[in-house]
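[1] need coordinates for the following:
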Amino acid sequence: MDKINKILLNIIILWSILAIIFGFYDLQISKYVVVYKNSQLFDIGNGYGDNFTRPLLYVCITILLGSIFNDIKTQRKIGTIMMIYFIIYYFYLFLCEKIINQYLILIFLIIFFISIYNKNWRNYLPIIVLIILLLIFTTIIIDIIKVSWRRIRYKDLTSDSEFTEWYIINRAKKHGSSFPSGHTANSCIFYPFLIYIKKKEISKKVKIILIFIVIGFSLYVGISRIVVGKHYASDVLFSIGICSILTIIFYKVFNSLDFFKEWGL
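    Residues are numbered from 1 along each chain as shown. Below is the predicted model of the structure:
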């Protein structure tokens, strides 16, 4: 069994164990952690999942457009125009809405653009395509499950009798969209970067730090959604599981087609 299959097997085993645990203790977990809902730390994480997906998609579009041309100077021109537009757009949002995450998105866009400025963007195509595929398939799957399960959010419960476990499709008159967590799924959209990190020749310490940031961000967003009462632990678990498994499946498909070797990764 190769390393990727072992990782996939371990994810499935861990996911299965947690799914069983949360199947019994979902409601109790929410009751325990929701007391921290007024914490500024979790309030910030609560809104970050969706807010970082859009700028990442903008970056992907920029790289795709630039990759049409093999000439690095042309790529820079296209990238510069696109990034100036995005920076002005988010700076405008920051001035109008006074939301700090718009400011952080600006920093993210600028740092990312500087880091790839002198490189051939065509080398990033496999990761970019993988991110777009992950976003499309995750959105479709999450939306289908939400509509089918109609699970009531913890914050909308008027009594414990309205609560349904993750494995039960809600047939009550009062419907919700708790299961699974869309915000958490969006925060997992950075998972394809783990492949890039794995394939690049960088020190082990740097790899560990980057992996911690990517995975830690999705966990932070997920936990924040539980704390504010908008999702249960199982909602977050299934979103992370879906994104993790899809990322590995797409990686195996791309790897079998030699996409990473073809584009220099």
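
[2] now Val147: which helix or strand?
    helix 125-149 (DSSP states H and E).

[3] contacting residues around the helix or strand following that helix?
    The C-terminal neighbour of helix 125-149 among helices and strands, as given by DSSP H and E, is helix 182-187. Residues lying outside helix 182-187 but in contact with it, judged by CB atoms under 8 Å, 6 or more residues apart in numbering, are 46-50, 52-53, 138-139, 142-143, 146, 217-218, 220-222, 225, 230-231, 235-236, 239-240, 242-243. (Each C-beta comes from the backbone N, C-alpha and C, glycine too.)

[4] so how far is the host helix or strand of Asn51 off the chain centroid?
    Here Asn51, judged by DSSP H and E, is contained in helix 48-67. A distance of 12 Å separates the C-alpha centroid of helix 48-67 from that of its chain, computed with CA atoms, centre = their mean, to the nearest Å.

[5] tell me what it is packed against?
    Counting by 3 or more CB pairs under 8 Å, 6 or more residues apart in numbering; DSSP states H and E, the packing neighbours recorded for helix 48-67 are helix 72-97, helix 100-116, helix 125-149, helix 182-187, helix 204-227.

[6] which helices and strands does the third one pack with?
    Which is helix 125-149. Helices and strands touching helix 125-149, by 3+ CB pairs under 8 Å, 6+ apart, are helix 48-67, helix 182-187, helix 193-199, helix 233-256, helix 259-262.

[7] what is the orientation angle of that helix with helix 48-67?
    Orientation check (axes from the mean of the first three to the mean of the last three CA atoms, to 10 degrees): helix 125-149 against helix 48-67 gives 140 degrees.

[8] so for helix 125-149, mean pLDDT?
    Summarised as a single mean, pLDDT over helix 125-149 is 91.

[9] so which of the helices and strands packed on helix 125-149 gets nearest Leu8?
    Proximity to Leu8, assessed across the helices and strands packed on helix 125-149 by CB to CB, is greatest for helix 233-256 (5.0 Å).

[10] could you give the number of residues near Asp235?
    Under the neighbour criterion other CB atoms under 10 Å, Asp235 is assigned a count of 32.

[11] wait, it sits on Ile152?
    No. Using CB atoms under 8 Å, Asp235 and Ile152 do not qualify as a contacting pair, with a distance of 11.3 Å.
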